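J.: Model the following, please.
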Amino acid sequence: MKKNMRRFAVVAGAAAAAFGLTAAPASAVPSTTWTVTPSGSYTATNSGNIVLTATIPMTCTTSGASGTMASATGNPATVAAINAINFGTSASPCTSVLGNVTTVAVTPWTVVAQDYTAATGVTKGYVGNVKANVTAGACKFTVTGKASATYTNSTGILAVSSVSGDLAVSSSPAPVNCGSVVTTATKPIFKGNYAIKASNGTIPKIVGTNP
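T.: Numbers count the residues shown, from 1 in each chain. Predicted structure coming up:
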């Protein structure tokens, strides 16, 4: 009887310990400190073509952006605002099989940092708060969401490479004159590289550290 009682006590103690481990709250992940140098205004110019694919590819050979960058704390954290971004010009419009493409961005967009690799100087995150009104020929639709991206300190390249599901075609307003080519079920893809320069002409650096 005493032997059985000892076994019961051991089992009960192990169960209590296991319950204690599972019930204890997980320790909080330290907030990342993002240091941006220099902070302040910046400009961005496309490096290579910018492509928005919504069933069909729409290609821009010219694109630029401007805004401000600043240090931040958190994960994720907004390290830059895109206050203006253009796609194509009257002399070099974006094109598609439906005809020339006009894209009007509804800004501000954001650049959000999530992960930093010190060995490569690469920050992973996304371009957020994306909203743009697109006209391709007679087809008109609105794209919303975010676009996965990386930023590399050594080159100053913000590489935008969204994945399926990052962006969506808005139902309000719904696509107009697009037929089955672009619908609210379409999952747009946004890809392209932008070279970033601070107002003093240098390449900004983004560094993430944990306390």
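
J.: First-to-last residue distance for stretch 114-126?
T.: Across stretch 114-126, the terminal residues are separated by 8 Å (Cα to Cα, to the nearest Å).

J.: Q114 and K205, how far apart?
T.: Between Q114 and K205 the computed distance is 17 Å (Cβ to Cβ, to the nearest Å). The way it works is simple: take the backbone N, C-alpha and C, and place the C-beta from them, glycine included.

J.: wait, isn't Y116 in contact with V122?
T.: Yes - counting by Cβ atoms under 8 Å, V122 is a contact partner of Y116 at 7.4 Å.

J.: if you count what's nearby, which of those two comes out ahead?
T.: More neighbours surround Y116 than the other of Y116 and V122, with 21 against 18 (other Cβ atoms under 10 Å).

J.: Regarding the more buried one, what is its secondary structure?
T.: Three-state call for Y116 (DSSP: H, G, I helix; E, B strand; the rest coil): strand.

J.: Count the residues that sit near the residue nearest to it when sequence neighbours are not counted.
T.: The spatial neighbour of Y116 that comes closest, neighbours along the chain excluded (Cβ to Cβ, 6 or more residues apart in numbering), is G208 at 3.1 Å. Here the number of neighbours of G208 (other Cβ under 10 Å) works out to 21.

J.: Count the residues that sit near the nearest residue to G74 once chain neighbours are set aside.
T.: Of all residues not flanking G74 in the chain, S31 sits nearest, at 5.3 Å (Cβ to Cβ, 6+ apart). Applying other Cβ under 10 Å, we find 13 residues neighbouring S31.

J.: List the contacts of S31.
T.: Counting by Cβ atoms under 8 Å, 6 or more residues apart in numbering, S31 makes contact with T73, G74, N75, N210, P211.

J.: again, but for G145
T.: With contacts defined as Cβ under 8 Å, 6+ apart, G145 is in contact with V130, D166, L167, A168.

J.: Quick check: of these, which lies closest to I85?
T.: V130 (9.6 Å; Cβ to Cβ).

J.: Quick one: mean pLDDT for the helix or strand encompassing that closest one?
T.: V130 is part of strand 122-136 when elements are defined by DSSP states H and E. Averaging pLDDT along strand 122-136 gives 98.

J.: helices or strands next to it in the packing?
T.: Judged by 3 or more Cβ pairs under 8 Å, 6 or more residues apart in numbering; DSSP states H and E, the packing partners of strand 122-136 are strand 56-60, strand 77-87, strand 99-105, strand 109-117, strand 139-152.
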